[in-house]
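Trainee: turn this into a model:
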Amino acid sequence: MSSETASKVAVTEMPLEGIAAYWLSLRKVMGNKVSAKVAREEAERTDETYIKYVLTSAFNGLSDEQFLRLARSKAETVLRSLRHRYGMISEALLSMSAGENPRKSLMRMSAYFPSTRIPEDRISKMALEMVRKARDGGVQGFTVTIDDSTPADQLLVKLMFYVFWLRHEGSHDFASLSESSRSIFFREGISMLGDGFDRSFIKTCLDLRRNGLVEDAALKLKMTAELARGLREGMSYDELFALGQAFMP
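Mentor: All right, here's what the predicted structure looks like:
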């Protein structure tokens with residue numbers, strides 16, 4: 001944990017320009033043809049769940065309607081998971097702002113992913129062990145990364161680390177401990193805690209921010225599916241570029 005490696009960037013964390021550039025690069029690789037082989041090879045290389053699914057589905061003989069319906073269903077699954085992750089992060093931040101019993105925070109966070117298999121006492125034990133290592137070894141160079149795509153069980157343990165850290169050690173090292181986190185939602189919440197804002201203000205800001213981030217993610221997922229459809233239809237580079245521009249503000 002002290003030298004965590006950054007996880008792969010999820011499509012929901014990518015800028016719109018980055019998503020467009022990705023599909024345009026595939027257009028260049030395929031040349032003027034529609035190559036299912038190139039798409040399959042790219043699907044095998046990528047670790048991004050939604051892009052992998054779209055690449056696999058777009059070039060397996062489905063009609064446009066069938067492909068887009070499946071892509072929408074997958075997008076709904078991704079968005080539901082994202083909402084739940086934001087819910088967990090929000091619960092942790094609000095619990096920290098109120099200084100409440102960590103077990104209450106754990107129980108509320110666990111409710112977002114009831115299928116999480118790690119027992120409650122095991123989660124607390126793992127999080128407290130991380131606190132001990134950070135305290136005994138010095139927080140410099142010790143980071144606990146929070147990403148929007150972090151698996152639910154890992155996210156739960158990491159968030160409980162912050163809940164326990166604040167309760168036992170205070171907030172003075174929050175900035176350094178969380179500096180590697182890519183989650184904008186989490187970083188902004190930590191910043192508000194550091195500024196000493198009250199719980200109601202933090203909750204209002206988190207709710208608004210969460211809604212905005214989910215809307216942005218939905219747009220990125222739709223853009224990804226439409227660009228994949230354009231690629232499989234044989235759109236030229238310029239046509240695909242114009243399609244990508246349609247999603248830009």
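
Trainee: and the residue sitting furthest away from the middle of the chain, how far from residue 239?
Mentor: Ranked by distance from the centre of the chain (Cα atoms, centre = their mean), the top residue is residue 32, with 34.1 Å. Residue 32 sits at a distance of 12 Å from residue 239 (criterion: Cβ to Cβ, to the nearest Å). Quick note: C-beta positions are derived from backbone N, CA and C, even for glycine.

Trainee: do residue 182 as well
Mentor: Per Cβ to Cβ, residue 182 is found 33 Å from residue 239.

Trainee: between the two, which one's more packed in?
Mentor: Neighbour count, other Cβ atoms under 10 Å: between residue 182 and residue 239, residue 182 has more, with 17 against 13.

Trainee: show the contacting residues for that one.
Mentor: Contacts for residue 182 (Cβ atoms under 8 Å, 6 or more residues apart in numbering) come out as 6, 9, 13, 145-148.

Trainee: list the contacts of the residue nearest the centre of the chain.
Mentor: In the chain, the residue lying closest to the centroid (Cα atoms, centre = their mean) is residue 148, at 2.2 Å. If you count contacts by Cβ under 8 Å, 6+ apart, residue 148 has them with 10, 12-13, 82, 85-86, 182-183, 185.

Trainee: by neighbour count, which of those residues wins?
Mentor: residue 85 (26 neighbours).

Trainee: before we move on, the earlier item: quick check: phi and psi at the residue farthest from the centre of the chain.
Mentor: As for residue 32, its main-chain torsions (degrees, to the nearest 10) stand at phi -90, psi 10.

Trainee: same question, the one 3 residues further on
Mentor: With angles defined as degrees, to the nearest 10, residue 35 shows backbone torsions of phi -110, psi 110.

Trainee: what's near enough to touch it?
Mentor: residue 29.

Trainee: likewise for residue 98?
Mentor: Residue 98 neighbours (Cβ under 8 Å, 6+ apart): residue 199.

Trainee: take the contacts of residue 182 and write them to TSV, including distance to residue 93.
Mentor: Listed next are the contacts of residue 182 as TSV, based on distance: Cβ to Cβ, whole Å:
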residue	distance to residue 93
6	22
9	23
13	19
145	16
146	10
147	16
148	14
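
Trainee: inside strands: which ones of the residues you listed?
Mentor: Among the contacts of residue 182, the subset assigned to strands under DSSP state E is empty.

Trainee: pull the most distant pair out of those.
Mentor: Farthest pair in those (Cβ to Cβ) is 9 and 146. Separation: 14.2 Å.

Trainee: which of those two has more residues huddled nearby?
Mentor: residue 146 (26 against 15).

Trainee: how many residues are close by residue 244?
Mentor: Residue 244 has 21 neighbouring residues, counting by other Cβ under 10 Å.

Trainee: contacts for the strand or helix carrying it?
Mentor: In the assignment (DSSP states H and E), residue 244 maps to helix 237-245. For helix 237-245, contacts defined as Cβ under 8 Å, 6+ apart pick out 16, 19-20, 23-24, 27-28, 223, 226-227, 230-231, 235.

Trainee: and stretch 83-97, by the same measure?
Mentor: 102, 104-105, 108-109, 112-113, 146, 148, 150, 152, 155-156, 159-160, 162-163, 166, 183, 185-186, 189-190, 192-193, 197-199, 202-203, 206-207, 210, 213-214.

Trainee: so what pLDDT did residue 7 get?
Mentor: Looking at residue 7, its pLDDT reads 37.

Trainee: quick one, what contacts residue 116?
Mentor: Contacts of residue 116 (Cβ under 8 Å, 6+ apart): 110, 152-153, 156.
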